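A.B. asks: Okay, structure incoming, though there's no sequence with it:
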């Protein structure tokens, strides 16, 4: 088993997985929250179409996103000169395209429900637009947390797009999910299951840490 894990490159695999998942979740969260609040606040022609497009992207197969990003980043592609194919950065780009619509949709759905009451309260308190946005985000922090956790769960469990864009290169772009897929194809099921358990443990630890931070913040406010 130790020899097999050495061949997989377990430590570098864990490192690549965490870098990709955390980075793509942070970027997607910033973009998703910004787009969601912008869509909720602004009124413009074609807004409904944009919302429908975003919801349609929720159902796009990740392998299709991976193929599209691969074509963009390949040597003869529009962004081939950036040399991002088969790199962690390229994988992060693919993940952001998958995760951002998810976070945008979740936050927008809650914002539409919460924003009217928050704006009425903000007007009575004499708050300006910036203060109203901050107040809205505070009121929606539980929903935003849920959206971020959902995005992280999608990122850390992704296989198709990561395999296409990253190439599953040992010590460079191999993630825990692509390693599990590789072990399964080789008939090494026990080690694949162990990696799967490790993946669940990492996801649990990170989400537990986020929940503890959230509870601590609530306790500080109550205090």
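C.D. replies: That came through, no problem. Being a predicted model, the structure only gives us computed values, none of them experimental.
A.B. asks: Going by contacts, tell me the helices and strands next to the longest helix seen in the chain.
C.D. replies: In the chain, with assignment by DSSP state H, the single longest helix is helix 88-124. Applying 3 or more C-beta pairs under 8 Å, 6 or more residues apart in numbering; DSSP states H and E, one finds that helix 88-124 contacts helix 10-41, helix 47-57, helix 62-73, helix 129-139, helix 141-156, helix 160-166. C-beta: built from backbone N, CA, C; applies to glycine.
A.B. asks: Return the angle between stretch directions for the second one and helix 88-124.
C.D. replies: Right, helix 47-57. 140 degrees (axes from the mean of the first three to the mean of the last three C-alpha atoms, to 10 degrees).
A.B. asks: And for the third one?
C.D. replies: Here helix 62-73 runs at 110 degrees with respect to helix 88-124, directions being taken by the same axes, to 10 degrees.
A.B. asks: average pLDDT across helix 62-73?
C.D. replies: Helix 62-73 comes out with an average pLDDT of 94.
A.B. asks: Flag every buried residue along it.
C.D. replies: 62, 65, 66, 67, 68, 69, 70, 72, 73 (16 or more other C-beta atoms under 10 Å).
A.B. asks: Distance check, the first one against residue 76.
C.D. replies: Taking C-beta to C-beta, to the nearest Å as the measure, residue 62 and residue 76 are separated by 23 Å.
A.B. asks: now swap in residue 173 and tell me
C.D. replies: For residue 173, the distance to residue 76 under the criterion C-beta to C-beta works out to 20 Å.
A.B. asks: Distance check, residue 105 against residue 59.
C.D. replies: If you measure residue 105 against residue 59 using C-beta to C-beta, the figure is 11 Å.
A.B. asks: If you could redo that for residue 179, that was the one I meant.
C.D. replies: With the distance defined as C-beta to C-beta, residue 179 ends up 27 Å from residue 59.
A.B. asks: and residue 60, helix, strand or coil?
C.D. replies: Reducing the assignment at residue 60 to three states with DSSP: H, G, I helix; E, B strand; the rest coil gives coil.
A.B. asks: Run a quick neighbour tally on the residue nearest to it when sequence neighbours are not counted.
C.D. replies: Leaving aside its sequence neighbours, residue 60 sits nearest to residue 98 (C-beta to C-beta, 6 or more residues apart in numbering; 7.7 Å). Counted with other C-beta atoms under 10 Å, the neighbours of residue 98 add up to 26.
A.B. asks: three-state assignment of residue 170?
C.D. replies: Criterion first, three-state DSSP; result for residue 170: coil.
A.B. asks: check contacts around the closest residue to it other than its chain neighbours.
C.D. replies: Closest residue to residue 170 in three dimensions, ignoring its sequence neighbours and counting by C-beta to C-beta, 6+ apart: residue 9, at 4.7 Å. The neighbours of residue 9, taking C-beta atoms under 8 Å, 6 or more residues apart in numbering as the test, are 170, 171, 174.
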